[in-house]
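Undergrad: A predicted structure for the sequence below; I have some questions about it.
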Amino acid sequence: MVKICCIGAGYVGGPTMAVIAIKCPAIEVVVVDISKPRIDAWNSDTLPIYEPGLDDVVKACRGKNLFFSTDVEKHVAEADIIFVSVNTPTKTRGLGAGKAADLTYWESAARMIADVSKSDKIVVEKSTVPVKTAEAIEKILTHNSKGINYQILSNPEFLAEGTAIEDLFKPDRVLIGGRETPGGQKAVQALKEVYAHWVPEENIITTNLWSAELSKLAANAFLAQRISSVNAMSALCEATGANVSEVSYAIGKDSRIGPKFLNASVGFGGSCFQKDILNLVYICECNGLPEVANYWKQVIKINDYQKSRFVNRVVSSMFNTVSGKKIAVLGFAFKKDTGDTRETPAIDVCKGLVGDKAQVSIYDPQVTEDQIQRDLAMNKFDWDHPMHLQPTSPTAVKQKLDYQKIFDNMQKPAFVFDGRNVVDAEKLREIGFIVYSIGKPLDGWLKDMPAVA
Ligand code: UDX
Ligand code: UDX
Ligand code: ADP
């Protein structure tokens, strides 16, 4: 029986291993983590993360061939294949601060593997890491090998939050990078056999180590670039009277462009896009490629511009001040179907509004008030003004909103600013709202109050 151990029971490790377990009943999968509360949660009825379908998968195999444990060393020692799925945040201090990936957790995991291993291991990079991390890990392992053979593979995960289980069941592709040596190729085959339990062979791509590592950064950079491109167009649409949804649809019909990831928004968020692009930029700079670095930096600049443009639109529409004005923010996570708030554009938008002294009430059915308070307290900048955060009131905005009632209770003129183009703007206008939708032709009121970006 093949034994798999995954270090790191987070957003990536947890769902990925649960799916391997359910698809491969003959493989024992143990997910380990240094955080006891996390492991306890994985072993309880309330899993630490929310993903549609995840509960069912975990329940079906937990205790059979899927286990969650804090006994990291024991399970690493027993495993044939070790996935490393620890967090790799952006460095906040020292060399490369604000750009480079912080590999502290990775390095300590690698050293621990070297310490406890007594048999040959395949070590799989699962978390997104800078190109050539595999080489560094290989050095740590081989310099401490005690005669044990280690093969390092890069097997980046492409799942998106909110659709993790669906993405894992039916991945567009599985990517495995390994050394071009006989030992390396054997390891690639061994991992390929795991995925071949449910992924068609033609969708399992094998490459060299560095192509696999770079492909993950490149994929996220390309996806984010599409959003920044369409968001840049949304500003031009508002200025010209074009409708960004019509433009997206029209260009997406070109099969060379394709329809996905062309929704204009208040900006992309999530734990990956910004972090991976910053990382890509850093790698380019380190390799003496400033032109390439600047090209990708622009994707983040447009994203920041889009968030501040939204705030400016809100403020300028209300006579250039929101001081003391009550603003309800519906939704705080970085996208629907998740409670994850990492890098959510809502943080910048709320901070911007509070910075202009608005009274902001925030509600998201998946995010606790505590989490929202923590996110807004984390200082990217120093705010001159104290926060005026009201306690959220879930009852006020549950499920379907009665916009007529909301309108009746609001001061006039009443505004709706839609950062996701999800409301029925025409219906709201009939009720009497002034509605702003990103990249759509502007109401007369908004045209008369131009936002300065
Ligand atoms: C282009 C558009 O494709 C077409 O829709 C529009 O109406 C006119 O402009 P065209 O200029 O004829 O058409 O050629 P195209 O095949 O798009 O190639 C343009 C340039 O891009 C060429 O120099 C081509 O070699 C280059 N190219 C294309 C690449 O370098 N890499 C690619 O992957 C594709
Ligand atoms: C992303 C990648 O999709 C995934 O392949 C990778 O493994 C991790 O990073 P994720 O961050 O979970 O996944 O979410 P994604 O659905 O890609 O959305 C990212 C952000 O872009 C969200 O804030 C979303 O709202 C925004 N977005 C997405 C848009 O603004 N417009 C779009 O058209 C699509
Ligand atoms: P991702 O989104 O990449 O999955 P997360 O932050 O959700 O990242 O999860 C990473 C997990 O890795 C955390 O639960 C953290 O406690 C765990 N972790 C970090 N370092 C180690 C380590 N050396 N050994 C075991 N677990 C670790």
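TA: Right, received. Where do you want to start? Ligands and ions are numbered 1, 2, ... in the order given.
Undergrad: Does stretch 203-217 reach ligand 2?
TA: No. In terms of CB under 6 Å from any ligand atom, no part of stretch 203-217 sits within range of ligand 2; the closest distance is 7.5 Å. In this view, the C-beta of every residue, glycine as well, is placed from N, C-alpha and C.
Undergrad: Now the terminal residues of that stretch, how far apart.
TA: 19 Å (CA to CA, to the nearest Å).
Undergrad: Can it be said to contact ligand 3?
TA: No. Contact of stretch 203-217 with ligand 3 is not found when judged by CB under 6 Å from any ligand atom; the minimum separation is 11.6 Å.
Undergrad: Which positions in the helix or strand harbouring residue 314 come out as buried?
TA: Here residue 314, judged by DSSP states H and E, is contained in helix 290-317. Going by neighbour count (16 or more other CB atoms under 10 Å), the buried part of helix 290-317 is 293, 296-297, 299-300, 302-303, 305-307, 309-317.
Undergrad: Distance from stretch 230-245 to the middle of the chain?
TA: 26 Å (CA atoms, centre = their mean, to the nearest Å).
Undergrad: cool, stretch 275-289 as well?
TA: How far stretch 275-289 lies from its chain's middle: 19 Å, per CA atoms, centre = their mean.
Undergrad: For the stretch 251-400 of the chain, list the residues in contact with ligand 2, please.
TA: Contacts of the stretch 251-400 of the chain with ligand 2, taken as CB under 6 Å from any ligand atom, map to 261, 262, 263, 265, 268, 269, 270, 272, 273, 334, 335.
Undergrad: Dump those into a markdown table; add pLDDT, neighbour count and secondary structure as well.
TA: Formatted as a markdown table, these follow (pLDDT from 0 to 100; neighbours: other CB atoms under 10 Å; DSSP: H, G, I helix; E, B strand; the rest coil):
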| residue | pLDDT | neighbour count | secondary structure |
| --- | --- | --- | --- |
| 261 | 98 | 16 | coil |
| 262 | 98 | 19 | coil |
| 263 | 98 | 19 | coil |
| 265 | 98 | 23 | coil |
| 268 | 98 | 26 | coil |
| 269 | 97 | 23 | coil |
| 270 | 93 | 22 | coil |
| 272 | 91 | 25 | coil |
| 273 | 95 | 23 | helix |
| 334 | 95 | 24 | coil |
| 335 | 93 | 17 | coil |
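Undergrad: In this structure, where is pLDDT below threshold?
TA: For the chain, applying pLDDT under 70 flags the ranges 379-399, 452-453.
Undergrad: Flag every residue of the stretch 101-250 of the chain that's near ligand 3.
TA: Applying CB under 6 Å from any ligand atom, we find that the stretch 101-250 of the chain lies next to ligand 3 at 105, 108, 109, 127.
Undergrad: quick one, what contacts the third one?
TA: In this case it means residue 109. Counting by CB atoms under 8 Å, 6 or more residues apart in numbering, residue 109 makes contact with 7, 8, 84, 86.
Undergrad: got it, and the last one?
TA: The neighbourhood of residue 127, defined by CB under 8 Å, 6+ apart, consists of 8, 12, 84, 85, 86, 87, 88, 106, 157.
Undergrad: If we use 6 Å, what do you get?
TA: The neighbours of residue 127, taking CB atoms under 6 Å, 6 or more residues apart in numbering as the test, are 85, 86, 88.
Undergrad: Over to the second one. Which of the three states is it?
TA: When the structure is reduced to helix, strand and coil (DSSP: H, G, I helix; E, B strand; the rest coil), residue 86 reads as coil.
Undergrad: Would you confirm that residue 17 contacts residue 7?
TA: No. If you go by CB atoms under 6 Å, residue 17 and residue 7 don't touch, sitting 10.6 Å apart.
Undergrad: In the stretch 351-453 of the chain, what residue comes closest to ligand 2?
TA: The nearest approach of the stretch 351-453 of the chain to ligand 2 comes at residue 420, 7.3 Å away (CB to the nearest ligand atom).
Undergrad: That concludes my questions; thank you for your assistance.
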